[in-house]
Each structure stands twice: as structure tokens, then as C-alpha cells.
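**Student:** I would like the atomic coordinates for the input below:
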Amino acid sequence: MHPCQVDPTYYREHYPDLKALTDEQLLAHFHTLGKHEGRVGTRFALRENQSDLLNGASEALEIGPSLFPMIKGPGVKYFDLLSQEELRAARGYAIADLEPPYIDFVSPTGDLSIVTGTYDAVVSSHCIEHQPDLVQHLKDVGRLLKPGGKYVLYMPDKRYCFDHFIAESSLADVMQAHVEQRKVHTLASIVEHLALATHNDKERHWSGDHEDPGYRSGVAARAQNAVRQFVEANGAYIDVHAWQFTPDSFHFVVDRLAEMGLSPLKVDQVYCTTRNQSEFGAVLARA
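**Tutor:** Below you'll find the model as predicted:
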């Protein structure tokens, strides 16, 4: 089964060189060539069209909006690590005149159990890769969804961001984190983030340029610094990526978790990463 969604009509109309192909030929083209070239297989692969995925959602929850909420409206509530006042105080790192949204549910540890109510949709952007226990996160989101509700999320494609040289996360990795009931990130994740991460220029990654000068020669010193920070934290949370996915590997892991009964959510849609972008989107629904 191919993990990425394709709309043959959109694909044909979007690329003049494909106009003569049948629907079957278009699907074959996308999965053998198009997705590797970063072609857009469906309009929903573009973030600017994500709001269309939420049609009919009168009540929605956004996880981690920070200063840049994906969705707005009278039926939207927000969950974040920081309150509106704290986001206001921290906004110097972003655009100075941005007004953060009111945060309805605040948990410095990212504990979704404090969220009340149920929702037609839950959305998040670049949050899922930070969850120490991915299975528990999916369970928490499943609890917050009404029957028929959807989880719309965006996450980095490890091939086109600073995670490029870090191995893809496996089903076994995700299961082990859940058995251990992780609340903070492991030393391995912190070493990966601080010592093995490379540049974050998505266009350079798409062109095949993945490594900065001095990347390899500096690994040892950066790894030692990562260990020092881990020890000094003394069990406190250090924010790094716990998970590295591609559209294929994310689809595989999430659906296997659903098959095993470890997650209430399964993949409804996955959208392949488009050229010169570093993220992909997915829609999860109740298993």
C-alpha cells in the first residue's frame, strides 16, 4: 500500500507534462517518480489548504499554537506549555508585535490530561516529534476527539531538516518509550539533537547538500556537551526531537500501533513532502 495520497485530477491539471496520462498511470508516476521529485499529489499536501480538512469542525483544539496558531475562531481552544502572558513575555524571539492567543489549557509538562471537553478536530504543528511517549500522546488525543473526529497534524520530514543524519524512528523505539512511560527525553535523543543535527536549510537538503563544514570533526565535542547538559538537568525536561519520521515510516508506525491496540488512532491520510519544504501532513482518525 502506498502511504501518500494522490488526487489524479489535481495531479494532471497541476503538471502539464502529465496531461496525457490515465488515472492509473498518474498514480504510478507519482509513487515511482513524482513524490521523490517533490511534486504535489493533492492540494491538501500544501499547508495553506489545511483549513479545508477541518470543514464541519465547529469545536477544535490546537496543541502548541505558541505565537502562530494554525486555526482561529469562536469554537477553537488552545493548549500550550506557556500561558498567554508567558508567551507575551517570550515573544522577543519572534515578531515583536504578534499577539499570542489566549491559552485555555496550560501545562508546563505538556500533560494533555488537563484538557476538558471533546472536539470535532485536534490540530498540531511540529509538536508530535517532541513527545517523549508517542503512544501516550495518541491515546490522549483519542480521548479528546468526538466520534468521527480527526487529528490533523504537521511534522518535519527528517530527510529535509536538521535531523537528516539521524536514523528514522522504528516501531520498536516507540513501543519501548511507552513501556518506560517516558516523561522526559533520553540521553540518546539529546546527543542526537546537540551533536548529530546538521543544518536546517530545506532547499539545500532537497538539492542534496546535507552537511556543513566541520560537521564531522565537531561531533565529539558536541556529544560531550550534550552529556554535560543531560547530567546538569538532573531529570528535568530538555526540549529536543524524540522522533524522526518520513511519510512512509510515520504511516507504518501509527497503523501498526492501531493494529496492536496501543493507539485509538489510525492513519486516514498522509501527504508527501513537497519540493523545497521540510514538513509533511497527516490526518488520523479513530481506529
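**Student:** use CA for all of it now, contacts and neighbours both
**Tutor:** Noted.
**Student:** In CSV, list the C-alpha atoms belonging to the biggest helix by length in the chain.
**Tutor:** Longest helix of the chain, by residue count under DSSP state H: helix 219-233. Written as CSV, here are the backbone C-alpha positions of helix 219-233 (Å, rounded to 0.1, in the frame of the first residue of the first chain):
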residue,chain,number,x,y,z
VAL,A,219,30.8,15.7,16.8
ALA,A,220,32.9,14.5,19.8
ALA,A,221,32.9,17.9,21.5
ARG,A,222,29.2,18.4,20.8
ALA,A,223,28.4,15.0,22.2
GLN,A,224,30.4,15.7,25.4
ASN,A,225,28.4,19.0,25.8
ALA,A,226,25.2,17.0,25.4
VAL,A,227,26.1,14.6,28.2
ARG,A,228,27.0,17.6,30.4
GLN,A,229,23.7,19.3,29.8
PHE,A,230,21.8,16.0,30.4
VAL,A,231,23.6,15.5,33.8
GLU,A,232,23.1,19.1,34.9
ALA,A,233,19.4,18.9,34.1
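**Student:** if you average pLDDT over that helix, what comes out?
**Tutor:** In this model, helix 219-233 has a mean pLDDT of 97.
**Student:** which element follows the worst-scoring helix or strand of the chain on mean pLDDT toward the C-terminus?
**Tutor:** Here the helix or strand of the chain ranked lowest by mean pLDDT, DSSP states H and E is helix 84-90, holding a mean of 88. Once the chain leaves helix 84-90, the next helix or strand it forms, by DSSP states H and E, is strand 105-106.
**Student:** Any idea how far that following strand is from the middle of the chain?
**Tutor:** How far strand 105-106 lies from its chain's middle: 20 Å, per Cα atoms, centre = their mean, to the nearest Å.
**Student:** One more: stretch 126-146?
**Tutor:** That offset, for stretch 126-146, works out to 11 Å (Cα atoms, centre = their mean).
**Student:** Flag every buried residue along it.
**Tutor:** 126-138, 140-146 (16 or more other Cα atoms under 10 Å).
**Student:** avg pLDDT for it?
**Tutor:** Mean predicted lDDT for stretch 126-146 stands at 97.
**Student:** ok, and what's touching that stretch?
**Tutor:** Residues outside stretch 126-146 that contact it (Cα atoms under 8 Å, 6 or more residues apart in numbering): 63-64, 112-113, 115-122, 151, 153-156, 174-175, 177-178, 181-185, 239-244, 257, 262-265, 286.
**Student:** Quote the end-to-end distance of that stretch.
**Tutor:** In stretch 126-146, first residue to last residue: 23 Å (Cα to Cα, to the nearest Å).
**Student:** and for the least confident helix or strand of the chain, what are the contacting residues?
**Tutor:** Taking Cα under 8 Å, 6+ apart as the rule, helix 84-90 contacts 66-67, 99-103.
**Student:** Can I get the buried ones among these as something I can paste into ChimeraX?
**Tutor:** Selection of buried members from those for ChimeraX, criterion 16+ other Cα under 10 Å:
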select :66,67,100,101,103
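**Student:** Using JSON lines, please lay out the contacts of helix 84-90 together with distance to residue 6 and pLDDT.
**Tutor:** Formatted as JSON lines, the contacts of helix 84-90 follow (distance: Cα to Cα, whole Å; pLDDT from 0 to 100):
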{"residue": "66", "distance to residue 6": "32", "pLDDT": "89"}
{"residue": "67", "distance to residue 6": "32", "pLDDT": "87"}
{"residue": "99", "distance to residue 6": "37", "pLDDT": "84"}
{"residue": "100", "distance to residue 6": "35", "pLDDT": "88"}
{"residue": "101", "distance to residue 6": "35", "pLDDT": "92"}
{"residue": "102", "distance to residue 6": "37", "pLDDT": "94"}
{"residue": "103", "distance to residue 6": "36", "pLDDT": "96"}
